[in-house]
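> Just a sequence and a predicted model for now, questions to come.
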Amino acid sequence: MTVLVIGGSGQIGQFLLPRLADASADILAVSRRPPPADPRWLAGALPDAMPELPAVDAVISLGPLDHLAPWLSATRLAGTPHVIATSSMSAETKRDSDVPEERELSRRLRDAETTLIATCASRGMPWTLFRPTLIYGAGVDKSLTPIVQAALRRRVFPIPAGRGQRQPVHAEDIAAAIMAALGSPFARGHTFPIGGGERMSAAEMFRRVRRSAGGPTLPAPIPRLALDLAALVSPAMRGPIRRLDSDLIADNRELERVLGVHPRPFQPGPETWRPTR
């Protein structure tokens, strides 16, 4: 099997590419910054800077879905490869946000999903979509790892009050789900939400992250009143603060039933926050 991986240098790709290699797949990977002297890698970027591609059996995209969808719509791929792509649970959880930028993100994701599905259907290409929750695990995420790194520098770890449920998902578990979809005809035509194997409050998530940081930090609880004042003063903080009381979770039942994938609970360690390469 020949597999094209777009965005393979990101956090999911760091776990997916070794699995593909172990499965004896022929890998062709595209990245803005490909590793030097590796013939498997090509320089390119969605949607307008993709290289010329040979026929492949599957296309796996780990980057922004709203960049993949227009490229796929405008490109005639040889044959009918299985298209597997990551979207985001933000397509649903931010649909009714009172922050315009978040509603726009949700709309773009849902429009991209619709375009991808319609394109695949019109060309006889099977498709599978994954909607992850907050992704962690390779030390390069833009959500939790920066908080850990800043806290270790300052020796103070902010723990905002938050009642909303969280369900962080490890990048390696997403890679496992993609591998399962690649080998299963039952994954075709499905959109799978995928979250971690455990739900907790936002405040508890931050407490666990602090305990796993790998260095001493002073916990700094931030009460609700302080958060509300910050949201008033800084419009940019309004969305993240209000989401602290919203549930950002995924229903894993279809993932487990169809693909047999059971994501791990959220039990990070110091290695979680260090880049894997």
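All right, it came through fine. Keep in mind the model is a prediction, meaning the values are calculated, not measured.

> Give the bridge partners for the closest residue to Phe206 other than its chain neighbours, please.
The spatial neighbour of Phe206 that comes closest, neighbours along the chain excluded (Cβ to Cβ, 6 or more residues apart in numbering), is Ile159 at 4.7 Å. C-beta coordinates here come from the backbone N, C-alpha and C atoms, glycine included. Judged by DSSP bridges, the bridge partners of Ile159 are Pro221.

> contacting residues around Ile159?
Neighbour list for Ile159: Ala203, Phe206, Arg207, Arg210, Pro219, Ala220, Pro221, Ile222 [criterion: Cβ atoms under 8 Å, 6 or more residues apart in numbering].

> Apply 6 Å and report the result again.
Phe206, Pro219, Pro221 (Cβ atoms under 6 Å, 6 or more residues apart in numbering).

> What is the burial count for Val156?
The number of residues packed near Val156 is 12, by other Cβ atoms under 10 Å.

> pretty sure it contacts Pro216?
No. Using Cβ atoms under 6 Å, Val156 makes no contact with Pro216, being 10.4 Å away.

> Give the residue farthest from the middle of this protein.
Leu225 (31.5 Å; Cα atoms, centre = their mean).

> That residue falls within a helix, correct?
Yes. Assignment of Leu225 by DSSP: H, G, I helix; E, B strand; the rest coil places it within a helix.

> host element of Leu72?
Counting by DSSP states H and E, the element that carries Leu72 is helix 65-74.

> Show the pLDDT at Arg153.
On pLDDT, Arg153 comes in at 96.

> can you check Arg277 too?
For Arg277, pLDDT reads 67.

> Use 799 as the first number from now on
Sure, I'll start counting at 799 from here, so that last one is Arg1075.

> Below-threshold pLDDT in the protein: ranges please.
1075 (pLDDT under 70).

> And the strands in it?
Remark: strands assigned in the chain by DSSP state E are 800-804, 824-829, 839-841, 856-859, 880-884, 925-930, 933-934, 954-958, 963-964, 967-968, 988-992, 998-999, 1016-1020.

> can you count the residues close to the closest residue to Gly1067 other than its chain neighbours?
Nearest residue to Gly1067, sequence neighbours excluded (Cβ to Cβ, 6+ apart): Ser1010, at 5.4 Å. Neighbourhood size, Ser1010 [other Cβ under 10 Å]: 17.

> I'd say Ser1010 and Pro1066 touch.
Yes. Ser1010 lies in contact with Pro1066 (Cβ under 6 Å); the separation is 4.2 Å.

> Fine by me, we can end here.
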